[in-house]
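Colleague: Fold the following, please.
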Amino acid sequence: MGSTLENSVASPPRWHEIARRTIEAGFDMSSEARIGEMLRTLAVGRKALLEMGTGTGSATAWLLDGMDEDARLATVDNDPKVQAVAREVLGEDPRVDFITEDGAAYLAGQNDGGFDLIFADAMPGKYEGLEDALRLLQVGGVYVVDDMSPQPNWPEGHQARVDDLVLRLAGDPRFAIVGMDWASGVLVAAKRAA
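Modeller: Alright, predicted model coming up:
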């Protein structure tokens, strides 16, 4: 895309405050703005959204910016200190529920088909508890993961986990998928009817 389009996309109202506080906190695993732009677009018209890995709320702000007034977002993180930034900046929005819990335990306790968009930005829901995450998705819903391209903060051997995730989703007949060289690398899977 040309620079005109890239420079004309407005960020959510509270996103700059989150970005500033993220830097101050030394948190280096926040979703980048280009992922946020995609999430905001995908959130439009969705009613039940799940974010695995709140972090400081960067992606949360973008999701909320795309959501309708009657939509709900559950955002899960196991680190209350990091999630506190998101709670403090975005907590007055009645559409968001902040859940501080082990992600795998949260996924295991949810009913099938409860969400029409899942953004898996943490190990649980992406590399751990994948089947639990996928069973939560409604038919027609989308499952989104980022950080599919090599990242400087990846632990040793992480590329094998990424490759396994891509192969598992590509081979799963329940889903139509697309991988994109967008931002940190994105994979979007849409759930088909049985």
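
Colleague: Would you tell me what the next helix or strand after the longest strand seen in the chain is?
Modeller: Criterion DSSP state E: the longest strand present in the chain is strand 137-145. Using DSSP states H and E, the next helix or strand after strand 137-145 towards the C-terminus is helix 158-170.

Colleague: and the longest strand of the chain, what's its mean pLDDT?
Modeller: Taken as a whole, strand 137-145 has an average pLDDT of 97.

Colleague: all numbers from here: first residue = 117
Modeller: With the count now opening at 117, the last piece we talked about shows up as strand 253-261.

Colleague: which helices and strands does that strand pack with?
Modeller: Helices and strands touching strand 253-261, as assessed by 3 or more Cβ pairs under 8 Å, 6 or more residues apart in numbering; DSSP states H and E, comprise helix 149-159, strand 231-236, strand 302-307. Using the backbone N, CA and C atoms, a C-beta is placed for each residue, glycine as well.

Colleague: let's see it at 10 Å
Modeller: helix 149-159, strand 164-168, strand 231-236, helix 246-251, helix 274-286, strand 291-296, strand 302-307 (3 or more Cβ pairs under 10 Å, 6 or more residues apart in numbering; DSSP states H and E).

Colleague: Measure how the second one sits relative to helix 149-159, angle-wise.
Modeller: Orientation check (axes from the mean of the first three to the mean of the last three Cα atoms, to 10 degrees): strand 164-168 against helix 149-159 gives 150 degrees.

Colleague: and if you look at the fifth one?
Modeller: Angular relation of helix 274-286 and helix 149-159 on a 0 to 180 degree scale: 20 degrees, by the same axes, to 10 degrees.

Colleague: Buried by neighbour count: which residues of helix 274-286 qualify?
Modeller: For helix 274-286, burial by neighbour count (16 or more other Cβ atoms under 10 Å) applies to 278, 281-282, 285.

Colleague: Contacts for it, please.
Modeller: 236, 239, 242-244, 246-247, 250, 259, 261, 263-267, 270-271, 291-293, 295, 301, 303-305 (Cβ atoms under 10 Å, 6 or more residues apart in numbering).

Colleague: Swap in 7 Å and give it another go.
Modeller: Helix 274-286 is contacted by residues 242-243, 246, 264, 266, 291, 293, 295, 303, 305 when judged by Cβ atoms under 7 Å, 6 or more residues apart in numbering.
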